[in-house]
Each structure stands twice: as C-alpha cells, then as structure tokens.
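Colleague: Need coordinates for the following:
(one chain, ligands or ions: 5)
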Amino acid sequence: MDDRELVKMIGGIIGTDTVEDDCAKIPFGDDYIILSTDMLHETTDFPTGMTDWQIGWMSAAVTISDIASDGAVPLGLLLAAGLDRPERLKGIMQGAKACCDEYGASLIGGDVDAHSELTIVTTGIGRVEKENYTGRKGALPGDLVCIVGDPGYAQAALDGDARYRDYLLIPKPFVYEGRELSKAGVSSMMDVSDGLALSLYDLADLNGVGFEIDSGKLPKTLPQDYVLYGGGDFGLLFTCEESILRSLEVGATVIGRVISDAGVFVDGKTVERRGYVHKWD
Ligand SMILES: Nc1ncnc2c1ncn2[C@@H]1O[C@H](COP(=O)(O)OP(=O)(O)O)[C@@H](O)[C@H]1O
Ligand SMILES: Cc1ncc(C[n+]2csc(CCOP(=O)(O)OP(=O)(O)O)c2C)c(N)n1
Ligand SMILES: [Mg+2]
Ligand SMILES: [Mg+2]
Ligand SMILES: [Mg+2]
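Modeller: Residues are numbered from 1 along each chain as shown. Ligands and ions are numbered 1, 2, ... in the order given. Next up, the predicted model:
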C-alpha cells in the first residue's frame with residue numbers, strides 16, 4: 001500500500017477532482033484562494049546531519065512549491081511542530097521564517113506539542129487571479145513538455161554527492177517562474193516533488209494523454225536514473241503550446257511532447273513508474 005492508493009480512496013469520499021491538484025482552490029471574487037498542506041517527518045524527510053534551520057526552511061519550501069505550481073502568490077504559512085526536543089524549535093522557526101521572507105509569504109501561526117519523532121506540518125495559503133490559474137489538467141496532444149529546475153540533484157546529494165547538498169537541504173521553490181508560466185498561459189503544471197518520472201505519469205494519466213521524452217534534452221550532468229527517478233526536487237513540470245514558449249522570459253527546458261497515446265516514453269521506450277512514495281508494508 002502506498003500514499004497514491006490512499007489518495008484514490010480519499011477521492012472516492014470527498015470527490016475525485018478534489019484530489020487532482022497540488023493545492024485546493026476556493027473561488028473568491030475574481031481570484032482563487034489556494035491552500036496546501038504537507039507533513040514531514042525526521043526519518044523519512046530530513047536527511048541525517050540537516051540543521052534545525054534547514055529543517056524549517058525545507059518545511060516551508062515544500063508547501064510554497066505546491067502554491068507556486070498553481071501560478072499563485074504565496075501569502076501566509078502556518079507551521080505546526082511535534083517536537084522531540086523543545087530546544088529545536090528556535091532554529092526551525094528561524095529557517096521557516098527565512099524561506100517565507102524570501103518568497104513573500106508571512107509566517108503567521110501554527111501549533112506546538114511534544115512528539116516522539118520530529119514532525120512538521122506546514123499549511124500555506126496563496127492567491128491567484130482566476131484567469132492566471134494553472135492546475136494539473138489541460139495538457140493537450142501536440143503541446144511541448146517542459147521543466148524548470150534540475151531534477152535529480154537532491155537525490156544525488158542524498159546518496160552522498162556533496163556538490164549538490166544545497167539542492168537537498170535548502171530547496172528553492174520556483175515561485176516567480178510558476179507565476180510567469182501561469183500568466184503566459186501554459187496548459188498544465190505541477191511540481192516534481194516525488195521525482196520526474198512519477199510526476200510525468202501523474203500528469204499524463206490525469207489528462208488522458210501520454211508523453212514522449214527525448215533523452216537528448218534531459219540534463220546530462222547526472223546519470224539518467226537520477227534525473228528520472230530522484231525525489232526531493234521542487235522543479236516545475238509543465239506543458240504548453242509551442243508559441244507560448246517563444247514568448248517566455250523564464251529559463252525552461254523542453255524535454256518532449258504530449259502524445260495522444262497513454263504512457264510515458266523516453267526515446268520510444270516505456271519509463272518505469274517509479275519515484276518517491278510513502279509506503280506501508
Ligand atoms: N488526508 C487527505 N485528505 C484530503 N485530501 C488529501 C489528503 N491527503 C492528500 N490529499 C490530496 O491529494 C492530492 C495529492 O496529495 P499530495 O501527494 O500530497 O500532493 P503533492 O505531491 O502535490 O503535495 C492533493 O490534492 C491533496 O490535497
Ligand atoms: C531521508 C530523505 N529522503 C528523501 C528526501 C527527499 N525528499 C524530501 S521531500 C520528498 C518528497 C516529497 O514529499 P511529500 O511529503 O510527498 O511532499 P508532497 O509531494 O506531498 O508535496 C523527498 C523525496 C529527503 N529530504 N530526506
Ligand atoms: Mg506538489
Ligand atoms: Mg504537497
Ligand atoms: Mg506527496
């Protein structure tokens with residue numbers, strides 16, 4: 001059993017469309033209020049040696065990244081901390097505050113209690129004009145498939161490559177880029193927190209399409225296994241018409257094209273449906 005199966009079950013109770021995006025959205029006049037929450041645990045999410053400041057930063061960044069993937073502006077963040085040791089909270093709050101300050105969000109509340117394993121829940125609120133909103137749905141055959149960011153570096157760092165430590169420990173959500181892409185009219189977008197391959201499958205399945213990826217366009221500085229299957233990166237995966245890409249002022253890499261057949265392929269070969277999932281035995 002993994003978290004995706006559970007999310008399907010949740011969809012059966014609260015509505016399939018409710019669980020189809022990185023964030024929830026509530027209509028509010030001409031805008032959507034955008035909401036997202038994430039839970040992180042020490043053993044599964046905070047690599048050994050990470051400082052409390054970095055733990056705070058990462059906890060804020062993962063939620064701000066979900067908000068960015070809808071093209072929204074992050075407004076506020078709540079942080080709830082289940083603490084194994086109370087003295088850790090100061091560094092955690094300072095790191096979370098630094099991340100919020102960097103991306104224009106206010107850290108405005110939360111909760112604190114005692115817990116055997118350090119557990120942090122961040123809940124973010126954002127805002128986007130309805131006309132500038134981009135969800136996961138909308139990819140059409142013929143659209144380009146593109147990424148912002150460098151998938152794989154966080155996983156390489158987790159496996160010991162010190163050159164990429166900051167990608168893992170201080171992830172940078174693409175808030176400005178998400179907003180610009182969304183305003184430019186890209187057809188679908190999500191962040192790749194669970195790895196590029198799994199995110200490609202999530203996006204393809206949801207849109208009833210497939211993706212043909214060109215290996216020559218994937219980043220070359222890392223083995224392809226890291227680029228496709230590494231998790232913990234917070235780049236953006238999006239699809240768009242070719243004309244939109246030409247007008248973009250955001251650094252994006254075209255990696256392939258949307259096709260009408262289901263599946264995710266690299267140079268015509270099926271990609272494994274594999275990435276970062278939360279599992280139960
Ligand atoms: N316990 C839950 N109750 C309601 N919705 C949930 C729950 N857990 C996950 N979801 C929804 O399922 C979807 C997928 O969640 P998640 O994997 O956390 O997305 P992401 O990887 O973008 O953060 C989201 O829309 C999220 O709101
Ligand atoms: C021990 C450890 N393994 C992996 C990672 C990389 N990592 C951080 S968050 C994440 C996946 C995303 O976490 P999730 O709770 O699924 O966030 P969501 O996709 O719901 O936003 C990964 C792989 C890490 N930081 N530490
Ligand atoms: Mg997401
Ligand atoms: Mg999330
Ligand atoms: Mg998840």
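
Colleague: who's in contact with residue 71?
Modeller: 128, 132-134, 178-179, 181-183, 189 (C-beta atoms under 8 Å, 6 or more residues apart in numbering). Every residue, glycine included, has its C-beta placed from N, CA and C.

Colleague: Mind putting those into JSON lines with distance to ligand 3 and neighbour count?
Modeller: JSON lines is the format used below for those (distance: C-beta to the ion, whole Å; neighbours: other C-beta atoms under 10 Å):
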{"residue": "128", "distance to ligand 3": "15", "neighbour count": "23"}
{"residue": "132", "distance to ligand 3": "18", "neighbour count": "19"}
{"residue": "133", "distance to ligand 3": "15", "neighbour count": "18"}
{"residue": "134", "distance to ligand 3": "13", "neighbour count": "28"}
{"residue": "178", "distance to ligand 3": "11", "neighbour count": "30"}
{"residue": "179", "distance to ligand 3": "16", "neighbour count": "22"}
{"residue": "181", "distance to ligand 3": "15", "neighbour count": "27"}
{"residue": "182", "distance to ligand 3": "15", "neighbour count": "24"}
{"residue": "183", "distance to ligand 3": "20", "neighbour count": "14"}
{"residue": "189", "distance to ligand 3": "10", "neighbour count": "29"}
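
Colleague: From the residues you listed, which land in strands?
Modeller: 128, 189 (DSSP state E).

Colleague: Filter the contacts of residue 71 down to the ones in helices?
Modeller: Per DSSP state H, helices hold the following members of those: 178-179, 181-183.

Colleague: Got the domain ranges for the protein?
Modeller: 21-131, 134-270 (automatic domain parsing).

Colleague: can the last one be found next to ligand 4?
Modeller: No: Domain 134-270 lies apart from ligand 4 when judged by C-beta under 5 Å from the ion; the minimum separation is 6.4 Å.

Colleague: how about the strands in the stretch 1-150 of the chain?
Modeller: Secondary structure of the stretch 1-150 of the chain (DSSP state E, counting those that start in this stretch): strands located at 24-28, 31-41, 73-83, 106-114, 119-129, 144-148.

Colleague: Format these as JSON lines; extra columns: distance to residue 59.
Modeller: JSON lines is the format used below for these (distance: least, C-beta to C-beta, whole Å):
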{"stretch": "strand 24-28", "distance to residue 59": "19"}
{"stretch": "strand 31-41", "distance to residue 59": "6"}
{"stretch": "strand 73-83", "distance to residue 59": "7"}
{"stretch": "strand 106-114", "distance to residue 59": "10"}
{"stretch": "strand 119-129", "distance to residue 59": "4"}
{"stretch": "strand 144-148", "distance to residue 59": "22"}
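
Colleague: which of those strands sits most buried?
Modeller: The highest mean neighbour count among these, using mean count of other C-beta atoms under 10 Å, belongs to strand 144-148: a mean of 24.

Colleague: strands paired with that one, and their directions?
Modeller: Sheet pairing of strand 144-148 (DSSP bridges) gives strand 236-240 (antiparallel), strand 253-259 (antiparallel).

Colleague: between these, which gets nearest to ligand 3?
Modeller: For these, proximity to ligand 3 was assessed by C-beta to the ion; strand 236-240 is nearest, at 9.6 Å.

Colleague: ok, residue 176 - how many residues close by?
Modeller: By other C-beta atoms under 10 Å, 14 other residues sit near residue 176.

Colleague: just checking, it is part of a helix?
Modeller: Yes: counting by DSSP: H, G, I helix; E, B strand; the rest coil, residue 176 is located in a helix.

Colleague: which ones are touching the closest residue to ligand 3 within the stretch 151-281 of the chain?
Modeller: In the stretch 151-281 of the chain, no residue comes nearer to ligand 3 than residue 191, which is 4.2 Å away by C-beta to the ion. Applying C-beta under 8 Å, 6+ apart to residue 191 gives the contacts 22, 65-66, 68-69, 173-174, 199, 234-237.

Colleague: backbone phi and psi for it, please?
Modeller: Backbone torsions of residue 191, given as degrees, to the nearest 10, read phi -90, psi 160.
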